[in-house]
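Participant: can you look at this prediction? I've put the sequence above it.
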Amino acid sequence: MEWGNDGEHSDVNSGYARIRVVNRALMETWFREISLVDIDTLPDNGGILFTAWHPGGLIDPMLMMAALPNKLTFAAKHTLFKLPILGRIMRIAGVQPVHRAQDVSPTTTDDSGGRDQARSAKNDGLISVLGDAVATGGQVAIFPEGVTHLKSHPVRLRTGAARIILHAAKKAQTEGRPQPHIVPLGLHYSDQHQFRERVSLQVNRPLPLPPLPNEQGAPKPSAEEIEEFGEQADERAWCGAITELLRLEMNRCNQAQETWEDRELVWRARRMIHIHRAAAGQAPSGPLPFAHALLGSRRVRAAWQYQSVHDSEGTEVLEAKFRQHHFDMEKHGFRSWEISNRAEKVSKRAFVKNFVYWVWSISWMLGIVSWGAIIGSIPPYLFTRVVTNRLSRDESNKTGLGSMKLLFSVALYPIWWLAISLPIGWYIASPDSPLQEVNLPSLILPLLAQIPWPLVALLVLFWWPISARLHLKLFARASRSWRALRLNIKLRSGTIDWQNLLDVHNALAQELASIGDGLVLPGDEDWIEPKAGNEDWQAVRTR
């Protein structure tokens, strides 16, 4: 994985660098594919305030820290600093505490008014600290929603990002420094709470900043704002305008939909179109890299929304047919790429090939690879699963399910590997081990007895993660082969009206693909990005 490179004048200190090395290793383990898009387009001059939506708990800032160059300053709820290990790591990384209303204990002050004032004063200080960092050329990352969540779109944004960039812009202007930038990020997960999924971090263009409050062309406050906030009304109006602009941009760059079902339908349509065009020789066959797949889903989303505005009735009819086909495919357990080439899938050659692959994978899994994975990984895995499942029963913990799995794994797996490596190393290689007295027809045990058992224990310690990784690859191969075998049997049985399903699939794919044939869509050479605050479909035009 090629991560972003620090600049020549980077302010990354040794503590931050060490944490980032570990963090990158964790991300490369947690995700099977990581793609970084347009990292090289970041502004060269001026500080940067990165903003992102927050669907993945602690995984979101970990990914951003791993991917983005130079030192990032994060803001996190102050209660996280009370956690023994995590709190220390956050302090070394330079994370700044945020005092949210829901996190402040009622015993902090004698009354709620005093409590709110104390919290507000602390957060005002935080705005100044983060704003100063951006003004002087630093990089800050925050989540304007203020909470992590399970929604399929960004939720209500707070004004913190706007207040930080306003403070930074004023300070930079006063000191004659380059203007700071606010850069929205797109975070796209195939499933942020599951192990070995895919992720893409996409850098978007900086938001255009209007003139500062009280300058010519700055956003004007309403009469109600003037009456309520007095001298602060101009700044309130400016922050409100920036927050609304940021909301629209975050919806666009994260491909927001009303429901997760709608997001899934867009992805299914994207896959259907890709497979249809690949069959016609108009696109490469096989799975696409995640970043390319995201561009495809962005094109489908833009074309669909454009069509729904200009031909609402036709779009509703097509959507109904697509949803019905989606239901039929789910009922039979089919995926888009499995619907074609029936003759090949039911052939004896395909059956034999998949059977051999399955037997080969299983035979290796029953050997030393899987025994190593079972001993080294199953106990901490089961413990992590039981604990996280119990914690996720609380609705408030579900948003951080992936974070909890990752943190428990980071803590438990090394402890377990250390705990079992020493006794197993002694049992295998020590001359005093009862295993050496067993008269087995083997050359390995006498050979191991010549090696100091602590060295064997060290080798065993490295074997646990290696065997787990090999087991995952073998299991994936075995799962694919088993699925292909079941599909072969199901198609041979004659219980599925294959031809009708195929005809409907091809007709729908052709109809979906034709929507964008006469349109200029994202990714086309003549595509022009929409103005800040506009959706992609508003920049779509006919050829």
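Facilitator: Arrived safely.

Participant: point out where the stretch 301-450 of the chain drops to low pLDDT.
Facilitator: Judged by pLDDT under 70, the stretch 301-450 of the chain has its weakly predicted residues at 395-397, 436, 439-445, 448.

Participant: and the helices in it, which stretches?
Facilitator: Across the stretch 301-450 of the chain, reading from the start of the chain, the helices by DSSP state H, counting those that start in this stretch fall at 312-332, 342-345, 348-365, 368-391, 401-429, 444-449.

Participant: what's around residue 479, how many residues?
Facilitator: 12 (other CB atoms under 10 Å). Just so you know, the C-beta spots here come from the backbone N, C-alpha and C atoms, and that holds for glycine as well.

Participant: can you pull the contacts of it?
Facilitator: For residue 479, the set of contacting residues under the criterion of CB atoms under 8 Å, 6 or more residues apart in numbering is empty.

Participant: that older thread, could you dump the helices of the stretch 301-450 of the chain to CSV with mean neighbour count and distance to residue 166?
Facilitator: As requested, those are arranged in CSV below (neighbours: other CB atoms under 10 Å; distance: least, CB to CB, whole Å):
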stretch, mean neighbour count, distance to residue 166
helix 312-332, 14, 40
helix 342-345, 13, 60
helix 348-365, 15, 58
helix 368-391, 16, 39
helix 401-429, 18, 31
helix 444-449, 13, 67
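
Participant: just put those helices in CSV and tack on distance to residue 200.
Facilitator: Rendered in CSV, the data for the helices of the stretch 301-450 of the chain read as follows (distance: least, CB to CB, whole Å):
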stretch, distance to residue 200
helix 312-332, 24
helix 342-345, 31
helix 348-365, 29
helix 368-391, 25
helix 401-429, 16
helix 444-449, 46
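
Participant: tell me who's in contact with residue 409.
Facilitator: Taking CB under 8 Å, 6+ apart as the test, what residue 409 contacts is 380, 384.

Participant: can you list the weak-confidence ranges in this structure?
Facilitator: Going by pLDDT under 70, which is the cut-off in play, the chain has low-confidence ranges at 100-123, 395-397, 436, 439-445, 448.

Participant: residue closest to the middle of it?
Facilitator: By CA atoms, centre = their mean, the mean C-alpha position of the chain lies nearest to residue 189, the distance being 3.7 Å.

Participant: identify the residue nearest that residue in space, chain neighbours excluded?
Facilitator: Across the structure, with CB to CB, 6 or more residues apart in numbering as the measure, the residue nearest residue 189 apart from its sequence neighbours is residue 199 (5.1 Å).

Participant: who does that neighbour bridge with?
Facilitator: Per DSSP bridges, residues listed as beta-bridge partners of residue 199: residue 34, residue 189.

Participant: how about it, what does it touch?
Facilitator: Contacts for residue 199 (CB under 8 Å, 6+ apart) come out as 31, 33-35, 63, 187-190, 192, 290.

Participant: about what we covered before: quick one: closest of the helices of the stretch 301-450 of the chain to residue 13.
Facilitator: Proximity to residue 13, assessed across the helices of the stretch 301-450 of the chain by CB to CB, is greatest for helix 401-429 (22.3 Å).

Participant: any idea which of the helices of the stretch 301-450 of the chain gets closest to residue 163?
Facilitator: Taking CB to CB as the criterion, residue 163 comes closest to helix 401-429 out of the helices of the stretch 301-450 of the chain, the separation being 26.9 Å.

Participant: tilt between the closest one and helix 368-391?
Facilitator: 140 degrees (axes from the mean of the first three to the mean of the last three CA atoms, to 10 degrees).

Participant: I figured residue 222 hits residue 237, correct?
Facilitator: Yes - at 7.4 Å, residue 222 and residue 237 qualify as touching, with contact defined as CB atoms under 8 Å.
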